[in-house]
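Please find the sequence and the predicted model below.
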Amino acid sequence: MDLLFDLFLFLTAMLVCLVRDYGLYWALSLGLVLFSVAGLRRGCSLREIAKMAWSKMPKTMIVLRILFLIGILTGLWRSCGTIAFFICCGVRAISPPLFVLLAFLLTALLSYALGTSFGVASTAGVVLMALARSGGVDPLIAAGAVLSGTYFGDRSAPTSSCASLVAALTDTELYRNVRQMHRTALLPYALCLGFYTFLSLRHPLVAADETLLGALNAQFGMSLWTLLPAAVMLVLPLLRVPIWIAMTASGAAAFAVSVLVQGAGVWETLRVCVLGYAPEGALAGVLTGGGLISMLTVFVMLPLASMMGGVLEGIGALDGAQEKLAALSGKLGLLPTTSLLSLLCSMVLCNQTIVLIMLQQMMGRVYRDAGRSNEEFAMDIANSGVMIAGLVPWCIACAVPLQMLEVSAKALIYALLMYAIPICYLLTKQWYYPKGERT
């Protein structure tokens, strides 16, 4: 009963942080303290609780290293002109009758290269929304295409912190997961191409305000050198180079391009690595961001969520819930149970990272007891929890991009990829895992 009260306090703290716009790390800190005290009440020593909290940290450190590099890359790719080049070339290549389709494809390409939904929504997404509004395209439709494109890479890019976290939590190999993510999403990809082609023809771009594109061209030298960081990031993983080495090499290339091609100072570029890129004028609202500081909240939240999960598991707090989930899985199947738990956690915890950690904590043993592979577990998480978190309007994974694009949650109706992946995977999973449960 005491543990239920602690859980109630923790969830109340989460709600207060969301309503009052406080950092969720305050609620996570409270949860870590509450559940540690619960461990003391159960007879555990402080040393034992510390070991429980640290038990999940080795996996977390792997993800934190990737997040560290992502923070640097998101700043340097802005300052060296890589993102600006993609935006300018992509927008110029957009045919007015196919604007919605190409908006999806452009943001999908950028998100796969950059590995972040927020980074793409706040750059290419903002530009595309400005073009849509000035060109007579329904903003909700344009935003839906952009959201689908941004989550294409957020889910399945080798550079994505989300993909790295799933691999670390499930003890699976990142590149193998990425290949399987694409295989399990071939049908949703095809549906998106058809859907956005149809919407493009029904809602063509009439006219476009190219003020932002002119500002981008004035700010950056648009030579092919600006593509070097992206080329490094795309090619090295194909050569089986470890992702952290590929990201380091891409960052080094971006640093060199910023200094040697764009004319930025060395100290100025080092500042971008830490504090992010901050242009002036018309580009301030489009390219500002990135740097280590942009990942600061996640740097704090991820270890706290990991330590809290370790304590909960160590004191046996999840045992009862795992038994109930195992029973529910026996009736519904593992994937439907994981999907329902994803929805519940997304609605209550409102953070994609915490949702993924909780899925591993709650369902990991259920999958092992059922004799399922880590690879299957990883795919079930990637095709349920990752996408479902982006469909809950008050969840950070959804609320932040919607705010960046300045549209309401009605745009989710047109974000086909977001719900096509969970639904199609639910219906076709037996093709990929024929020995698994048939959903």
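Cool, the structure landed.

Touching, G39 and K51? I think so.
No: if you go by CB atoms under 8 Å, G39 and K51 don't touch, sitting 10.8 Å apart. Where C-beta positions appear, they are placed from N, C-alpha and C, glycine not excepted.

For those two, indicate the residue with more neighbours.
Between G39 and K51, counted using other CB atoms under 10 Å, G39 has the larger neighbour count: 23 against 14.

Please report how far that one lies from F220.
54 Å (CB to CB, to the nearest Å).

just P303 next, same as before
36 Å.

Tell me how far the residue nearest to L228 when sequence neighbours are not counted lies from T159.
Counting by CB to CB, 6 or more residues apart in numbering, L228 lies nearest to A253, which is 4.8 Å off, once chain neighbours are set aside. Distance, A253 to T159, by CB to CB: 14 Å.

Between these two, which is the more surrounded one?
Under the neighbour definition other CB under 10 Å, A253 and T159 were set side by side, and T159 has more, 25 against 22.

That one against L114, yeah?
Yes: at 6.5 Å, T159 counts as touching L114 under the criterion of CB under 8 Å.

pretty sure L28 is touching M301, no?
Yes: applying CB under 8 Å as the test, L28 and M301 come out as touching, 6.1 Å apart.

In the stretch 201-350 of the chain, what residue spans correspond to strands?
Per DSSP state E, counting those that start in this stretch, the stretch 201-350 of the chain carries no strands over any range.

Sketch out the low-pLDDT regions of it for me.
Scanning the stretch 201-350 of the chain for pLDDT under 70 picks out the ranges 207-212, 238, 282, 285-286, 318-319, 348-350.

Quick check, central residue of this structure?
Nearest residue to the geometric centre of the chain (CA atoms, centre = their mean): D154, 4.1 Å.

For M52, see how far away that one is.
For D154 relative to M52 (CB to CB), the value is 31 Å.

Same question for T226.
In this view, T226 and M52 are 48 Å apart by CB to CB.

give me every residue that touches P422.
S339, N383, S384, M387, I388 (CB atoms under 8 Å, 6 or more residues apart in numbering).

So among those residues, which ones count as buried?
S339, N383, S384, M387, I388 (16 or more other CB atoms under 10 Å).

Phi, psi for N383 please.
Dihedral pair for N383: phi -100, psi 0, per degrees, to the nearest 10.

per-residue confidence for it?
Confidence at N383, expressed as pLDDT, is 92.

My guess is it contacts I423. True?
No: if you go by CB under 8 Å, N383 and I423 don't touch, sitting 9.7 Å apart.

circling back to that earlier point, can you pull the residues that touch both of L28 and M301?
Contact criterion CB under 8 Å, 6+ apart; residues shared by L28 and M301: I354.

So for the two, which sits in the more crowded spot?
Taking other CB under 10 Å, L28 and M301 do not tie; L28 has more neighbours (26 against 20).

isn't there a helix covering the more buried one?
Yes: membership of L28 in a helix is supported by DSSP: H, G, I helix; E, B strand; the rest coil.

Count the neighbours of the nearest residue to it once chain neighbours are set aside for me.
Leaving aside its chain neighbours, L28 sits nearest to L304 (3.9 Å; criterion: CB to CB, 6+ apart). When neighbours are defined as other CB under 10 Å, L304 has 21 of them.

what does the one 10 residues further on give?
G314 sits with 21 neighbouring residues when counted by other CB under 10 Å.

what do you get for P139?
Quick note: P139 (other CB under 10 Å) scores 16 neighbours.

ok, now how distant is it from S160?
Taking CB to CB, one finds P139 at 26 Å from S160.

And for F104?
For F104 relative to S160 (CB to CB), the value is 18 Å.

in terms of contact, does E173 touch A163 like I think?
No: counting by CB under 8 Å, E173 sits too far from A163 to count as a contact (11.2 Å).

of those two, who's got more company?
Under the neighbour definition other CB under 10 Å, E173 and A163 were set side by side, and A163 has more, 26 against 13.

which stretch of helix or strand covers the more buried one?
Following DSSP states H and E, one finds A163 within helix 161-170.

What is the subsequent helix or strand relative to that helix?
Next element after helix 161-170 (DSSP H and E): helix 174-183.

Give me the distance from that following helix to the chain's centre.
Mean C-alpha position of helix 174-183 versus that of the full chain (CA atoms, centre = their mean, to the nearest Å) differs by 16 Å.
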